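Peer 1: here's my sequence, what's the structure:
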Amino acid sequence: MPDDDSLLASLRYLFADIIGDEDDGPLVPPDACSAQLSPVVSDAIHLLTEYQSAGYARLYIERLGRFVGRRGVDDAMLADIARLMGQRMAYEDPIRIAQLKLREVNAAGGLAPRSVDDVKIFRIDELIDALPVVVGDPVLGVLERFGWRRRRISIRFSGHTRFSVRRLRIEAGLKRWRLFSARYAKERVWVERWLHMIDRSLTKQPSATVAVIQTATMIRGYGDPYRQGLADWHAIIDGLAKPVFDGTLALADLASAIAEARAAIMPDPRQASLKRKIAEIRARMPAAASSR
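Peer 2: Sure, this is the predicted structure:
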């Protein structure tokens with residue numbers, strides 16, 4: 001699991017963003033980044049500054065810095081980490097959708113036609129998770145009592161009237177509170193665990209590191225696809241990668257096992273096919289004595 005320093009770093013940037021206590025220095029890729037890698041990192045820095053703040057982009061730089069100059073990490077691998085971490089840190093929530101729609105309106109220089117409206121379907125608890133925990137938790141408790149927590153509702157993100165543009169600005173402005181939300185807490189834990197698995201792979205089974213990095217592509221979007229991808233990712237990490245790194249599963253080719261498991265994924269909330277495949281892979285391997 002992520003260490004205490006990783007948690008403290010995230011909390012430090014969270015509070016710096018909220019109170020506006022940020023260093024005004026330029027945001028640049030970590031020292032020792034190659035000229036080939038710098039554009040990838042610079043794009044992510046720009047993305048995350050727009051998405052949240054300069055402080056949030058600094059958190060990205062600090063996270064990436066753990067692997068800069070690391071033995072076994074070449075430019076291609078570091079570029080994958082940089083790109084995928086930037087995408088994951090800019091996760092899609094209702095605030096982000098409002099930001100992107102507002103950007104479209106601003107780029108058009110006026111009101112957008114109704115034909116470019118975006119209608120998104122969310123579960124109610126997914127909307128509440130985008131709010132600060134202190135606000136969202138009591139609301140979720142009420143919704144749970146009434147059995148409404150998992151109800152789905154349609155939200156129109158529109159920029160074709162002055163009122164709808166004003167609403168977009170309010171929704172996009174909620175980014176100031178995003179880092180206090182339940183969704184951010186979950187995303188922070190996931191990113192740190194993903195980085196931790198990369199670190200352990202470099203130490204325990206370097207040949208599997210690229211496959212571990214690429215598991216980030218399993219998680220994207222919002223709604224059911226997001227929840228399914230997250231559940232599938234945890235199933236593969238907990239069933240295959242972590243036991244190998246812990247020394248309790250003698251799996252010499254983790255990369256192939258991850259690929260085999262990913263190929264078995266079906267759009268099934270019960271994960272029946274994936275769980276069968278993981279059990280099949282594990283059954284082919286003798287248990288190893290714990291190395292810890």
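Peer 1: quick check: domain ranges of this protein?
Peer 2: Domain ranges of the chain: 1-90, 94-178, 205-285, per automatic domain parsing.
Peer 1: check the offset of the second one from the chain's centre.
Peer 2: Taking C-alpha atoms, centre = their mean, to the nearest Å, one finds the center of domain 94-178 at 19 Å from the center of the full chain.
Peer 1: repeat that for stretch 49-58.
Peer 2: Here stretch 49-58 is found 15 Å from its chain centre; the criterion is C-alpha atoms, centre = their mean.
Peer 1: how about stretch 37-57?
Peer 2: Put simply, stretch 37-57 sits 15 Å off its chain's centre (C-alpha atoms, centre = their mean).
Peer 1: could you dump it to CSV, C-alpha only?
Peer 2: This file holds the C-alpha atoms of stretch 37-57, laid out as CSV (Å, rounded to 0.1, in the frame of the first residue of the first chain):
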residue,chain,number,x,y,z
LEU,A,37,9.9,13.0,-22.6
SER,A,38,9.5,16.7,-21.7
PRO,A,39,6.6,17.3,-24.1
VAL,A,40,4.5,14.5,-22.6
VAL,A,41,5.1,15.8,-19.1
SER,A,42,4.5,19.4,-20.1
ASP,A,43,1.1,18.4,-21.7
ALA,A,44,0.1,16.6,-18.5
ILE,A,45,1.1,19.6,-16.4
HIS,A,46,-1.0,21.9,-18.6
LEU,A,47,-3.9,19.5,-18.4
LEU,A,48,-3.9,19.2,-14.6
THR,A,49,-3.4,22.9,-14.1
GLU,A,50,-6.5,23.5,-16.1
TYR,A,51,-8.3,20.6,-14.6
GLN,A,52,-7.6,21.6,-11.0
SER,A,53,-4.7,23.9,-10.1
ALA,A,54,-1.0,24.5,-10.2
GLY,A,55,-0.8,22.7,-6.9
TYR,A,56,-2.4,19.6,-8.3
ALA,A,57,0.1,19.7,-11.2
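Peer 1: got the contact list for that stretch?
Peer 2: 13, 16-17, 22, 27-30, 33, 60-61, 64, 75, 78-79, 82-83, 85-86, 89-90, 96, 99, 175, 178-179 (C-beta atoms under 8 Å, 6 or more residues apart in numbering). Any C-beta I mention is one placed from the backbone N, CA and C, and that applies to glycine too.
Peer 1: give me phi/psi at V119?
Peer 2: Per-residue torsions, V119: phi -110, psi 120 (degrees, to the nearest 10).
Peer 1: contact partners for it?
Peer 2: The neighbourhood of V119, defined by C-beta under 8 Å, 6+ apart, consists of S154, I155, R156, F157.
Peer 1: A257 too?
Peer 2: With contact set as C-beta under 8 Å, 6+ apart, A257 has these partners: L240, L251, I281.
Peer 1: look at the second one and give its secondary structure.
Peer 2: The reference is to L251. Under DSSP: H, G, I helix; E, B strand; the rest coil, the three-state class of L251 is coil.
Peer 1: quick one: it and I153, what's the gap?
Peer 2: As judged by C-beta to C-beta, to the nearest Å, L251 and I153 stand 44 Å apart.
Peer 1: quick one: which of the two has more around it?
Peer 2: Set side by side, L251 and I153 show more neighbours around L251, with 21 against 12, by other C-beta atoms under 10 Å.
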